[in-house]
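# sequence unknown, structure follows:
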């Protein structure tokens, strides 16, 4: 992993960095739009690039079940398959498997589960999770982990965390053994090294500070290219989520990227960047766009509300996105209420523009040693409207 640590706020934990991959540079802190099924819903790849998106997230579970990682590999890999040349991070598939609690059984060897599509039986092992992600051609791949449910008892959480650690070690060993075989067969070239995906370990520990610390220490001890905090934003209060981030981050190395999985509300991003997190992903901006909920500098706006029927203003007068430059709230409400496809397109363009520019603003503020000022202004704009 080539992670260039550019700057740390002398008064806090905020960080500025740069991840270099064979497919491009990722400036951190970064938000990764989610392309669950090999597409960021309602968006063309060129439109993502125009917005400034530097990396997207793919979903291993769904791509494994349909259309299948072997087919995607035969057709040139996920980048070619979905016409996206930038970096891709794929999750391990573990979260989706665990979210279907009635369809899976967790064993030491892996997770037995039934497809939610056709009921077919599968076994996802740590090694298979790596194999699938490699077949997809991901640039950053994740270890298989057990996402501890919430709430969960201390003993269950501790046992679950232990499983995550053992699976993480198996993932690391599997990738290392593959590289050893290629090296012994003379198949490793400089080009191969550049294209070798980065492997991130995932910490668990539920909502217990001591377990979060133990998990961070154990995963760091195994050694990965980057470190992810998993098992948060699963129903707990925000203060508890922040507390768990605080419990883990001090034990992570400064020279590796830190990824908070599945957390993506704007205020959560700001609060967790303040705690030293570099990477985020979430379906919130795209899913909420399709449901008519729009992010603005002054908070959320629900476009279906009748107050916008005759409103000639854009969604956000401070926004420079294509949607705000060309369409009124009245038009956006009309096409949303009429179930026109363009409503999803225009709303998604706006929400992703908001997220990408929020991250740009944060990076600029860190660079200029004014993150706290940026943070106060973020909340002040919302208070002025409410």
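Great, that's in hand. Given the structure is predicted, the values throughout are model-derived calculations rather than measurements.
# Only C-alpha atoms from now on, for both contacts and neighbour counts.
Fine.
# max-length helix in the chain?
helix 154-184 (DSSP state H).
# Against which helices or strands is that one packed?
Judged by 3 or more CA pairs under 8 Å, 6 or more residues apart in numbering; DSSP states H and E, the packing partners of helix 154-184 are helix 126-136, strand 198-203, helix 209-222.
# May I see these arranged in TSV, with distance to residue 107 as well?
Below are the helices and strands packed on helix 154-184 laid out as TSV (distance: least, CA to CA, whole Å):
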stretch	distance to residue 107
helix 126-136	11
strand 198-203	18
helix 209-222	20
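# Skip the chain neighbours and tell me the closest residue to residue 385.
Nearest residue to residue 385, sequence neighbours excluded (CA to CA, 6 or more residues apart in numbering): residue 298, at 6.3 Å.
# ok, which stretches of the stretch 251-386 of the chain are strands?
258-260, 279-282, 293-296, 299-302 (DSSP state E, counting those that start in this stretch).
# Of all these, which one is nearest residue 382?
Of all the strands of the stretch 251-386 of the chain, strand 299-302 sits nearest to residue 382, with 5.5 Å by CA to CA.
# Packing partners of the closest one?
strand 293-296.
# hmm, back to that, gap between the residue nearest to residue 385 and residue 360?
18 Å (CA to CA, to the nearest Å).
# hang on, the earlier thing: so of the strands of the stretch 251-386 of the chain, which one's packed in deepest?
Among the strands of the stretch 251-386 of the chain, strand 258-260 has the highest mean neighbour count (mean count of other CA atoms under 10 Å), at a mean of 25.
# circling back to that earlier point, mind putting the strands of the stretch 251-386 of the chain in a markdown table, distance to residue 240 and mean pLDDT included?
Formatted as a markdown table, those follow (distance: least, CA to CA, whole Å; pLDDT from 0 to 100):
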| stretch | distance to residue 240 | mean pLDDT |
| --- | --- | --- |
| strand 258-260 | 14 | 98 |
| strand 279-282 | 18 | 98 |
| strand 293-296 | 24 | 98 |
| strand 299-302 | 23 | 97 |
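# burial count for residue 338?
10 (other CA atoms under 10 Å).
# what does residue 256 give?
20.
# Am I right that it is in contact with residue 225?
Yes: if you go by CA atoms under 8 Å, residue 256 and residue 225 touch, sitting 6.6 Å apart.
# Between these two, which contacts overlap?
Counting by CA atoms under 8 Å, 6 or more residues apart in numbering, no residue touches both residue 256 and residue 225.
# in the longest helix of the chain, what's buried?
157-158, 160-172, 174-175, 179 (16 or more other CA atoms under 10 Å).
# Repeat that for stretch 35-47.
If you call a residue buried by 16+ other CA under 10 Å, then stretch 35-47 has these buried ones: 35, 36, 37, 38, 39, 40, 41, 42, 43.
# Disregarding residues adjacent in the polypeptide, which is nearest to residue 87?
Residue 87 sits nearest to residue 55 (CA to CA, 6+ apart), 4.9 Å away.
# what's the one you found in contact with, if anything?
Applying CA under 8 Å, 6+ apart, we find residue 55 in contact with 26, 32, 33, 86, 87, 88, 89.
# residues touching the first one, list them.
Contact criterion CA under 8 Å, 6+ apart gives 18, 19, 20, 54, 55 as the residues in contact with residue 26.
# same check, this time on the second one
Neighbour list for residue 32: 53, 54, 55, 56, 57, 279, 280, 281, 282 [criterion: CA under 8 Å, 6+ apart].
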